[in-house]
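Q: Sequence and predicted structure below; questions after.
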Amino acid sequence: MTKIRFYIIIIFAGLATTACNKYLDVKPKGKLIPSEVADFDHLLDHTWTVQYIFLDNNGGSMAGYLNDNLELSEGMGKVAYKANNHPNIDRFYAYTFRKPYRNPNTSDYFWDWGTYRAASYYNNVIDGIGSLKSIGAEDGQYARTVLAQALAGRGFQYFLHNLLYGPVYKPGAANNARTIPYVTNSDINAPMVDLSTQEEVFRLAGKDLHAALADAPVATNWPSRANKTAVQAMLAYYHLWTRKYDSAAHYANLAWTGATASGGPDKVIYNFNDFSWTNPANTISSTIKAPDNFLEAVNSREILLYRSEDRGAGRSSSSYPSEEYIALFDAANDLRYNYFFLTAPGYKTSYNGVDYNDGQRIQYYRGSKTQLTSGFTYPEVLLMRAEAYARTGKLAEAITDLNLLRRYRYKTGTPAIAMGTQDEVIAEVLKERRRELPASGIKRLLDLKRFVPDAGKPWHKAKIVHKLGTETFEAAVDSDLFIFNIANTILQYNPHWNVPLDYRPF
């Protein structure tokens, strides 16, 4: 039996006590045997479908330490992480581009606690609904909407996992690197499938997402579940990768117009001009006073699809925002800078007779002031439409979308972005995208990989350079250093994948 199957057994052995109390009455006692559509529907509400999606056991993400938004000071790196043998030292190894980033002989949280644990829920819902002997006419549409949400969750999760565990995807190329197993069978005794190629995962994920679109519900009970707008956003993002920008524009437009049809942009975007501090004398500990009480909630008006995100990155307990990232913001007019970039005491310690004192440092407090997601926000949907418009030559439409978001983020009276060349407009949209997305997590890392085919463009980066004291570390984005490896704890139980075990010292 494979390691993956082992984890799935553990998951479903525990469901009798972790799922809804309703299941305690299902016979035989102590077993989870769903028999109705509603039983499968409830599985989609489990926290494990969202909780550790590309996060480590302490809520951080190694993925963010590969990108160009974060930096470590010498004391942080050499003492807090390395000398103290930090429990998440993979962040330090990622920052210094030293593989293996994680101990290959221990559990990979992204894999075991994240993607494949979530996928086990989706697969049980998909197979379970398909196996129900009879579904009444009144439950037919209900079943289809539940099935659609599971298909969307599975397809999008595997799509992202494939991008992280595979090389740079290059539309039009073979993309035949074998990356991940696209597991669709909920039977824990079924043989483990082979690794799919990157192109095969694109095809299978696209199939799941398109299958979900027709019956995805207009609304769901919680943003952890994909409604129709979320599925449209998934397809827009999918086609930013395939570089079928007309399709990306199509789906992003459907998502945005559907979301704003009733209530307009005010319904799905906060106007930062309406914000104030609850305690202006101590902004570090102060909350932000917003027009509603949901700014820090999962169901914030801006969150379309919720997946857990690294909320601690950028503060002295883990990292700082990089100088380049800070410089991306207009300190005088961008209200994100006013509320998220605050000066506070940095890392300070003594080790082996050496004092390390970072002094006062600009730190990134967005994760402690607002809720974050590695899924989708409505502002990202708008920026995906803007990017797709710009890449298809609809520059006026792209500028309109860009300036619409800026009206909600910059001080009233800040000049709008003017028309430019196509490359200039794309560059402005992508700079705004970088400001809008969380500093850490997977989205910036994936954008760096997505932009590899844009060599020579202002938003393209061939390599990332990190500094630690006087040392410099650099890595090409289109290299093995930006590919996550499958852990030995998985490989050893799947010899038919023909992937050698990783014997590099950790």
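A: Perfect, I can see it now. Bear in mind that the values here come from a model prediction, so they are computed numbers and not experimental data. Numbers count the residues shown, from 1 in each chain.

Q: which residues of the stretch 251-400 of the chain fall in strands?
A: Secondary structure of the stretch 251-400 of the chain (DSSP state E, counting those that start in this stretch): strands located at 276-277, 288-289, 303-305, 320-321, 341-345, 348-351, 354-357, 360-364, 376-377.

Q: so what strands line up beside the fourth one?
A: So that's strand 320-321. If you go by DSSP bridges, strand 320-321 pairs up with strand 70-71 (antiparallel).

Q: Give the rounded mean pLDDT of the partner strand.
A: The average pLDDT for strand 70-71 rounds to 98.

Q: out of the strands of the stretch 251-400 of the chain, nearest to Lys467?
A: Closest to Lys467 of those is strand 320-321 (C-beta to C-beta; 11.5 Å). C-betas here are computed from N, CA, C, even on glycine.

Q: Can you give the contact residues for the closest one?
A: Residues outside strand 320-321 that contact it (C-beta atoms under 8 Å, 6 or more residues apart in numbering) are 69-73, 76, 314, 341, 346, 358, 361-364, 439.

Q: among these, who's most crowded?
A: The residue in the contacts of strand 320-321 with the most neighbours, by other C-beta atoms under 10 Å, is Gly314 (30 neighbours).

Q: which ones are touching it?
A: 69-70, 320-321, 363-367, 439-440.

Q: hang on, the earlier thing: out of the strands of the stretch 251-400 of the chain, which is closest to Asn227?
A: When the strands of the stretch 251-400 of the chain are ranked by distance to Asn227, counting by C-beta to C-beta, first place goes to strand 303-305 at 8.1 Å.

Q: Now do the closest one: distance to the chain's middle.
A: Between the centre of strand 303-305 and the centre of its host chain there is 12 Å, according to C-alpha atoms, centre = their mean, to the nearest Å.

Q: mean confidence for the lengthiest helix in the chain?
A: Across the chain, the longest stretch assigned as helix under DSSP state H is helix 137-165. Regarding helix 137-165, the rounded mean pLDDT is 95.

Q: List the neighbouring strands of the very next helix or strand once past that helix plus their orientation.
A: Using DSSP states H and E, the helix or strand that follows helix 137-165 in sequence is strand 178-180. Strand 178-180 pairs in its sheet with strand 196-197 (antiparallel), by DSSP bridges.

Q: what angle separates the next helix or strand after the partner strand from helix 137-165?
A: The helix or strand immediately downstream of strand 196-197 is helix 198-213, counting by DSSP H and E. Relative orientation of helix 198-213 and helix 137-165, computed by axes from the mean of the first three to the mean of the last three C-alpha atoms, to 10 degrees: 150 degrees.

Q: What is helix 198-213 packed up against?
A: If you count contacts as 3 or more C-beta pairs under 8 Å, 6 or more residues apart in numbering; DSSP states H and E, helix 198-213 packs onto helix 137-165, strand 178-180, helix 228-242.

Q: Minimum distance to Glu474: which of those has it?
A: Between Glu474 and the helices and strands packed on helix 198-213, the tightest spacing by C-beta to C-beta is seen for helix 137-165, at 20.3 Å.

Q: ok, and for the closest one, which residues are buried?
A: 139, 142-165 (16 or more other C-beta atoms under 10 Å).

Q: Could you check the angle that helix makes with helix 228-242?
A: Orientation of helix 137-165 against helix 228-242 (the same axes, to 10 degrees) gives an angle of 30 degrees.

Q: Centre of the chain to helix 137-165, how far?
A: 17 Å.

Q: What is it packed up against?
A: Packed on helix 137-165, when contacts are counted by 3+ C-beta pairs under 8 Å, 6+ apart, are helix 37-43, helix 116-131, strand 178-180, helix 198-213, helix 228-242, helix 443-450.

Q: what angle do that helix and helix 116-131 make?
A: Going by the same axes, to 10 degrees, helix 137-165 makes 150 degrees with helix 116-131.

Q: host element of the residue nearest to Asn271 when sequence neighbours are not counted?
A: Distances taken as C-beta to C-beta, 6 or more residues apart in numbering put Tyr408 closest to Asn271, at 4.8 Å, once the chain neighbours are dropped. Using DSSP H and E, Tyr408 maps to helix 395-409.
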